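Visitor: Structure of the sequence below:
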Amino acid sequence: MPGRRRIAQRADRASARGKSVPQMMQPVRNESPGAAAPTPGVPARQIFIGRQPIFDRDLRVYGYELLFRDSQHNAAGVTDGDQATAQTLVSGIMDFGLEQLVGNRLAFVNLTRNFLLEQDRLPAMQQRLVLEVLEDIRPDPEILTALQQLAGRGYIIALDDFTWREELLPLVRWARILKLELPQIGIDALPRHVERLRPYGLRLLAEKVETHEEFELCKSLGIDFFQGFFLSRPVTLARKRLPANRLAVLQILARVQDPNANMGDLEKLISADVSLSYRILRFVNSVQFATSRPIDNVRRAIVMTGLSQIRTWVSLIVLSKLDDKPAELIRVALVRSRFCELLGTRLALASPEACATAGLFSTLEALLDQPLEEILSSLPLNAEIAAALIEGGGRIGEVLRCVLACERGDWDAAARLGLEERVLSSTNLEAIAWAEANSRALGE
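Guide: Numbers count the residues shown, from 1 in each chain. Sure, this is the predicted structure:
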């Protein structure tokens, strides 16, 4: 958010100015908060994606087609269709963030035959994606079954570069949008094409509209959407790519923090990773719940701790697996998380666990080497936690500001939470002791 200084950065900058900070709480960071230290002689790897707007009849942006790019040059250079589709999906959804690329509009993505048949490779974002079936895909029984399944799951199906041919009509049954490429059809044949397609009740999109005359003709024929150089050329966007381990961590964090994830979803996620299962059980047992026997399975761990708490702990464990980050940074995350949680409990806030999440995620910028706003755009956090992290807003933000003030030794600022210095100091020490004891359970 332009013009706003992030709360965690303010704390780190104050520490850098020489304020008193307990040794255990010293943030471990690069010269610039959240920035990765460059490796001498090794250029940072960049990723690219093309984006071209699609307009409605009132020239409002309806969606964007996401286009494979392998360089800053505005051209695809496609040699492998499956790889191009995979990279476009990964880049658009994980590296750039679909929210930042298209906002609240639709994202059109070309799909190869293999991606249509192997549907588990598609992200569960039915309300955001339009799946474009490429023009070289034939309506054999496998494809028709796949389209029926995708339409049944709620995806919008578009047929790319569609031209009227009897053998392609079975595809039309499952489509909601037909894309008509003007140069391929020809201006003279376009009215006849549109007339033939009207009975099917589909929405029509004119591609490669390059002149005012073409645009006016398409409008007069009742075509719904428009894409082409006359309206807007594609632009190529570039960004540094997250290393594979950080991308995997971000993907897990997104699944863990999904508010729609229930106990069964989290159990499945944790159980699918033997290392994660082992570490979560060891961690849960280390906090010494009042139980007569050890917690020996993932479901019981979730029941004993609750969904909110298990989300925080799984996030913490996943972040601790970043093997190129110093252990001290993980301890900072532990302390902040526990300190925020204890203060939230002491203040009788509705969700101390949300305070814990805010404390933990205040270290994300340093852990993932990516600006905090970009990270948060990929995570389905509730608005209260996001506001606390970005601008220190709300009651959770007040708790986080207090914790960071204690790190700096700025007791005047910390006292604004309404607690006495002795209470804050003792709670701080309790969080440090808890983090020290439980860091061993994380394998640190």
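Visitor: chain center to stretch 321-331: distance?
Guide: Taking the mean of its C-alpha atoms, stretch 321-331 sits 22 Å from the chain's own mean (CA atoms, centre = their mean, to the nearest Å).
Visitor: Only the buried residues of it, if you could.
Guide: Neighbour-count burial for stretch 321-331, counted by 16 or more other CB atoms under 10 Å, picks out 321, 322, 325, 328, 329, 330, 331. Every residue, glycine included, has its C-beta placed from N, CA and C.
Visitor: What of stretch 268-283?
Guide: Applying 16+ other CB under 10 Å to stretch 268-283 flags 269, 270, 273, 276, 277, 279, 280, 281, 282, 283 as buried.
Visitor: OK, contacts around residue 171?
Guide: Applying CB atoms under 8 Å, 6 or more residues apart in numbering, one finds that residue 171 lies in contact with 133, 137, 139, 143, 144, 147, 159.
Visitor: Let me see the backbone angles for residue 272.
Guide: phi -70, psi -20 (degrees, to the nearest 10).
Visitor: Same check on residue 370?
Guide: Dihedral pair for residue 370: phi -150, psi 150, per degrees, to the nearest 10.
Visitor: Surely residue 346 is in contact with residue 420?
Guide: No: using CB atoms under 8 Å, residue 346 makes no contact with residue 420, being 11.2 Å away.
Visitor: okay, the two: which has more neighbours?
Guide: Neighbour count, other CB atoms under 10 Å: between residue 346 and residue 420, residue 346 has more, with 15 against 10.
Visitor: Pull out the buried members of the contacts of residue 171.
Guide: Buried members of the contacts of residue 171, scored by 16+ other CB under 10 Å, are 133, 137, 139, 143, 147, 159.
Visitor: Find me the pLDDT at the second one, would you?
Guide: pLDDT recorded at residue 137 is 86.
Visitor: before we move on, what about the fifth one?
Guide: As summarised for this prediction, residue 147 has a pLDDT of 92.
Visitor: how far away is the nearest residue to residue 134 once chain neighbours are set aside from residue 55?
Guide: Closest residue in space to residue 134, ignoring its immediate chain neighbours: residue 160 at 5.4 Å, by CB to CB, 6 or more residues apart in numbering. Separation of residue 160 from residue 55 (CB to CB, to the nearest Å) stands at 17 Å.
Visitor: Neighbour count for the two, which is higher?
Guide: Neighbour count, other CB under 10 Å: between residue 160 and residue 55, residue 160 has more, with 22 against 19.
Visitor: doesn't residue 133 make contact with that one?
Guide: Yes: with contact defined as CB under 8 Å, residue 160 and residue 133 form a contacting pair (6.2 Å).
Visitor: Dihedrals phi and psi, the spatially most central residue of the chain?
Guide: In the chain, the C-alpha nearest the mean C-alpha coordinate belongs to residue 378, at 2.0 Å (CA atoms, centre = their mean). Torsion angles at residue 378 (phi, psi; degrees, to the nearest 10) stand at phi -100, psi 0.
Visitor: Now do it against residue 185, distance only.
Guide: Counting by CB to CB, the gap from residue 378 to residue 185 is 39 Å.
Visitor: for residue 421, same thing?
Guide: Residue 421 is 76 Å from residue 185, where distance means CB to CB.
Visitor: ok, these two, which is more surrounded?
Guide: Each of residue 421 and residue 185 has its neighbours counted (other CB under 10 Å); residue 185 has more, 20 against 12.
Visitor: Now the more buried one: closest residue in space that isn't a chain neighbour?
Guide: If the residues on either side of it in the chain are set aside, residue 185 comes closest to residue 193, at 5.6 Å by CB to CB, 6+ apart.
Visitor: List the contacts of the one you found.
Guide: Residue 193 neighbours (CB under 8 Å, 6+ apart): 163, 164, 180, 185.
Visitor: Only the buried residues of whichever strand or helix holds it, if you could.
Guide: Using DSSP states H and E, residue 193 sits in helix 190-197. Buried residues in helix 190-197, counted by 16+ other CB under 10 Å: 190, 193, 194, 197.
Visitor: Distance from it to the middle of the chain?
Guide: 41 Å.
Visitor: quick one: pLDDT of residue 335?
Guide: For residue 335, the model assigns a pLDDT of 90.
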